[in-house]
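Q: A predicted structure for the sequence below; I have some questions about it.
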Amino acid sequence: SEPYPFGLDPAWQAATNKIGFLNTYKMKISLIFGVVHMTFGVMLSLWNKLSRKQYHQVLLEFIPQIVFLLGIFGYLVIMIFIKWIMYGANVADPFSEHCAPNLLITFINMMLMKEADVDIKMDKCHGAINYEIYMYPGQGGLQKL
């Protein structure tokens, strides 16, 4: 059977890890909606600034706000979608669900500008591919930017 292309499979209602899965799913959905909502609000502030001809505020307020918002939280939303697309229950071992990196730890390491540690539990996940820590090549360099 193929997974649902969109939405939540009703089979999760009978799963033993239903609460843990649904809580993380709801948190990710809430984060996505929150970032979209905040981006919409910042874009409305741009409209106000332009209609009032406050061009200096566009440069000094809007641009730093949108760069900060999308540079940090927009990147986190992109990472959520990358994780949802690349890793799954019916995918071979390098990209199975138990091999997916933890986004919370990834985000914390990015904020602390700390090199991610190799997870011992994932030693069998990525054989010859060197993705033990990151979801895609170049992720470490991008996060240090």
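A: Now that the structure is in, tell me what you want to look at.
Q: doesn't residue 23 lie inside a helix?
A: Yes - assessed by DSSP: H, G, I helix; E, B strand; the rest coil, residue 23 belongs to a helix.
Q: use 297 as the first number from now on
A: In the new numbering, first residue 297, that becomes residue 319.
Q: check what pLDDT it gets.
A: Here, the pLDDT recorded for residue 319 equals 92.
Q: ok, the nearest residue to residue 305 once chain neighbours are set aside - contacts?
A: Excluding the flanking residues, the one nearest residue 305 by CB to CB, 6 or more residues apart in numbering is residue 299, at 6.6 Å. The way it works is simple: take the backbone N, C-alpha and C, and place the C-beta from them, glycine included. When contacts are counted by CB atoms under 8 Å, 6 or more residues apart in numbering, residue 299 touches 305, 384, 385, 386.
Q: most neighbours of all those residues, which one?
A: For these, counting by other CB atoms under 10 Å, the largest number of neighbours falls to residue 384: 14 neighbours.
Q: having no further points to raise, I will conclude here.
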